[in-house]
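Trainee: mind looking at a prediction? Sequence and model below.
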Amino acid sequence: METPPAYDPPAYDPPPYDLPRFTAAAVQASPVYLDPGATVDKAVALIAEAAGNGATLVVFPEVFVPGYPYWNWTMNPVQGSPWFERLHRASVDVPGPHVDTLRAAARQYGVVLVIGINERGRSSLGVLYNTLLTIGPDGELLGVHRKLVPTWAEKLTWTGGDGSSLRVHRTPVGPLGALACGENTNTLARFALLAQGELVHASCYIALPVAPADYDMAEAIAVRTAAHSFEGKVFSVVACSTVSPEIIDLLAGDDEELRALFGRPRSALSGIFGPDGRPVTPPLVDDEGIVYAEIDLGRCIQPKQMHDITGHYNRFDVFHLEVDNRPRTPVTFTAPLSGPRTTALPEEDA
């Protein structure tokens, strides 16, 4: 008798009932700007520090490697174009040596790792992605999520991703999903993760002191994080970057008005929020550091009895969300492009 194939559970299987307790770490730090090797080294040191304090989930900011393209907000596109080239040359290949170093660190310290990178596209020199890597404690690369829609001025730098990476990953710290910055405002993207059984949500942000004057980035991060945690009855680990003096020196130079803008307070917030929408411990605002909190996924059960928006507190006969999760490529060939060419080019027929 033929042996039946092993059961391969789909991504939306319900979480196990032995819901884990663990320590989460939200890293708030600056990259070594536009230096991917030094930034990865800094990330490894912070992973070691977090693991040494008992963390088994470590979340880093958006595009931590090797930094955020602030020039999109402070320069016109012509002035910013040489900076785009600098960022492209300093960006990360997936797979590649920088990713290998991060995978090795996750394996060495036994942590689940979420970290943002600028990823070079394979199809064009004009393609950069705002990407979140999710790495397991064995060093396995679990997820490569490309930000679906770059926000506002970011469209000058990044190409949008597709629905294939909108996934929840089964990890030792529970069902884990991740979104980058403004994606946490996208209700349907968040629902797509919750509907796959997400119980731990990684929110990865950048400090944005150059936003419009009436925009309080720290408050905006807190509101969005609390909303997702409360609506989904999940834990959220939010990590935001900071703006170092080196970044200000490089991008503002002697422009005192721009230097003052980069130094604007309340541009960064990191922390851990519980399923009631409240911070588990006080968040960190603006300064570099690591926020730790104990997470007990059992705390997600009772709130779900009140509002389970992916279960009894919804009307799936009324509402229906369909996600196109097919990978998108710029070209599709009907036959493999391998081996020697067997047909003549047109000019060879003459």
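Mentor: On my side now, so go ahead.
Trainee: please count neighbours and contacts with C-alpha atoms only from this point.
Mentor: Fine.
Trainee: hang on, residue 86 in a helix?
Mentor: Yes: Residue 86: assigned to a helix according to DSSP: H, G, I helix; E, B strand; the rest coil.
Trainee: what is the burial count for it?
Mentor: Number of residues near residue 86 (other C-alpha atoms under 10 Å) recorded here: 11.
Trainee: who are the contact partners of the closest residue to it other than its chain neighbours?
Mentor: Using C-alpha to C-alpha, 6 or more residues apart in numbering and skipping residues adjacent in sequence, the residue nearest residue 86 is residue 34, 7.5 Å away. Residue 34 makes contact with 65, 66, 67, 86, 87, 90, according to C-alpha atoms under 8 Å, 6 or more residues apart in numbering.
Trainee: could you rerun that using 10 Å?
Mentor: Residue 34 sits next to 64-69, 83, 86-91, 247 when contact means C-alpha atoms under 10 Å, 6 or more residues apart in numbering.
Trainee: go through those residues and name the one nearest residue 327.
Mentor: The shortest approach to residue 327 among the contacts of residue 34 belongs to residue 91, at 21.9 Å (C-alpha to C-alpha).
Trainee: where along the stretch 51-200 of the chain do the helices fall?
Mentor: Taking DSSP state H, counting those that start in this stretch as the criterion, the stretch 51-200 of the chain carries its helices at 71-74, 77-89, 97-109, 187-194.
Trainee: and the helix or strand following the last one, how far out from the chain middle?
Mentor: Following helix 187-194 in sequence order, the next helix or strand is strand 200-205 (DSSP states H and E). Average the C-alpha atoms of strand 200-205, do the same for its chain, and the two points are 7 Å apart (C-alpha atoms, centre = their mean, to the nearest Å).
Trainee: for strand 200-205, which strands pair with it and how are they oriented?
Mentor: Here strand 200-205 has these sheet partners by DSSP bridges: strand 174-180 (parallel), strand 235-240 (parallel).
Trainee: make sure residue 22 is indeed in a helix.
Mentor: No: under three-state DSSP, residue 22 falls outside any helix and is assigned strand.
Trainee: could I get the buried residue list for stretch 82-102?
Mentor: Neighbour-count burial for stretch 82-102 flags 83, 84, 87, 88, 90, 91, 92, 94, 98, 99, 101, 102 (criterion: 16 or more other C-alpha atoms under 10 Å).
Trainee: which of these lies closest to residue 188?
Mentor: residue 94 (27.0 Å).
Trainee: name the nearest residue to the closest one, ignoring sequence neighbours.
Mentor: Of all residues beyond its chain neighbours, the one nearest residue 94 is residue 119 (6.9 Å), with distances taken as C-alpha to C-alpha, 6+ apart.
Trainee: count of neighbours near that neighbour?
Mentor: That count, for residue 119 with other C-alpha under 10 Å as the rule, works out to 25.
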